[in-house]
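1. Output the structure for:
(chains A and B)
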Amino acid sequence: AQRVTQPEKLLSVFKGAPVELKCNYSYSGSPELFWYVQYSRQRLQLLLRHISRESIKGFTADLNKGETSFHLKKPFAQEEDSAMYYCALKGTGSGGSNYKLTFGKGTLLTVNP
Amino acid sequence: DGGITQSPKYLFRKEGQNVTLSCEQNLNHDAMYWYRQDPGQGLRLIYYSQIVNDFQKGDIAEGYSVSREKKESFPLTVTSAQKNPTAFYLCASKLGGSTSGANVLTFGAGSRLTVL
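-> Numbers count the residues shown, from 1 in each chain, chains lettered A, B, ... in the order given. A predicted model of the protein is given here:
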């Protein structure tokens, strides 16, 4: 079974402060992990994925297989980063499990001026 | 303009009635998904389909049914057996395969179902 845990429902920081949104996963194989973001009145969209090793809008996330974590980080938060963030896991097994994407419960980030 | 279209945006239903939510995509994606989004619950997978004429149950399939007769369409029926159907429903699709970006989901705008 695959499971994604985001321990914080709400996270509030001030503009310019560092931010870290936590994500832990449970999966027996080698997963593919993603962060999706939903800004106010917009569709849910991809922020970044671990296989790309990219930085998007100043956010980075590193897959730590030892700690089964994929935390999202940004050194200096901006007001426009305020949104709901979801961590997601895709299995890499054969058949249907390769298509199943499991999401965490989400963390609502608020960046205060 | 490519994307996913969900309809209706808002839907009201009386208890005991079945209702069907539409999801259409013109992205030529192979896989399609239905998620339910509730406050504090995140996104929970209802059904997914890898290919036409094939679909699998997700984590909360009870009380729901789907069909995938065409590549571009994946309608979701919320039946009277669903105990708590009032929710926001999201449809998504992805290309599938092994190319870059093949596993990235594209989401629709959602349908909000309220049972009266």
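2. how about stretch B:6-16: buried residues?
-> Applying a neighbour-count criterion of 16 or more other C-beta atoms under 10 Å in any protein chain shown, the buried positions in stretch B:6-16 are B:Q6, B:L11, B:R13. Heads up, the C-betas are built off the backbone N, CA and C, glycines and all.
3. And for it, what's in contact with it?
-> The contact list for stretch B:6-16, computed with C-beta atoms under 8 Å, 6 or more residues apart in numbering or on different chains, reads B:19, B:21-23, B:78, B:80, B:85, B:89-91, B:108-116.
4. Now the buried members of those residues.
-> So, by 16+ other C-beta under 10 Å, the buried ones in the contacts of stretch B:6-16 are B:19, B:21, B:23, B:78, B:85, B:89-91, B:108-111, B:113, B:115.
5. Quickly note the distance from the spatially most central residue of chain B to chain A.
-> The residue lying closest to the centre of chain B (C-alpha atoms, centre = their mean) is B:W34, at 2.6 Å. Look at B:W34 and chain A: by C-beta to the nearest C-beta, to the nearest Å, they are 12 Å apart.
6. That residue against B:A87, yeah?
-> No. Shown here, B:W34 and B:A87 do not form a contact pair, counting by C-beta atoms under 8 Å, at 11.1 Å.
7. Now do the strands for chain A: every range, in order, please.
-> When assigned using DSSP state E, the strands of chain A occupy the ranges A:3-5, A:10-14, A:19-21, A:24-26, A:32-38, A:45-49, A:60-61, A:72-74, A:83-90, A:101-103, A:107-112.
8. Burial check on the one residue in chain B that gets nearest to chain A, number of neighbours?
-> Of all residues in chain B, the one sitting closest to chain A is B:G42 (3.5 Å; C-beta to the nearest C-beta). If you count neighbours by other C-beta atoms under 10 Å in any protein chain shown, B:G42 ends up with 22.
9. Once you drop chain neighbours, what's closest to it?
-> Spatially, and ignoring its direct neighbours in sequence, B:G42 is nearest to A:K105 (3.5 Å; C-beta to C-beta, 6 or more residues apart in numbering or on different chains).
10. And the one you found, how far from B:Y64?
-> Here A:K105 is placed at a distance of 20 Å from B:Y64 (C-beta to C-beta, to the nearest Å).
11. Over to B:G42?
-> Taking C-beta to C-beta as the measure, B:G42 falls 18 Å from B:Y64.
12. With B:H29 instead?
-> Between B:H29 and B:Y64 the distance, using C-beta to C-beta, works out to 21 Å.
13. Backbone dihedrals for B:K71, please?
-> Note on B:K71: its backbone torsions stand at phi -60, psi -40 [degrees, to the nearest 10].
14. contacting residues for the closest residue in space to it that isn't next to it in sequence?
-> Once its chain neighbours are removed from consideration, B:K71 has its nearest residue in B:V52; the separation is 5.2 Å (C-beta to C-beta, 6+ apart). In this structure, B:V52 makes contact with B:R68, B:E69, B:K70, B:K71, judged by C-beta under 8 Å, 6+ apart.
15. And the buried ones among those, selectable in ChimeraX?
-> When burial is assessed using 16+ other C-beta under 10 Å, the buried subset of the contacts of B:V52 is captured in ChimeraX by this command:
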select /B:68,71
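16. Chain B contacts on chain A?
-> For chain A, the residues in contact with chain B under the definition C-beta under 8 Å from any C-beta of the partner chain are A:6, A:9, A:32, A:34, A:36, A:43-46, A:49, A:86, A:88, A:90, A:96, A:99-106.
17. hmm, back to that, out of the contacts of B:V52, what pair is the most spread apart?
-> Of all pairs drawn from the contacts of B:V52, the greatest distance, 9.2 Å, lies between B:E69 and B:K71 (C-beta to C-beta).
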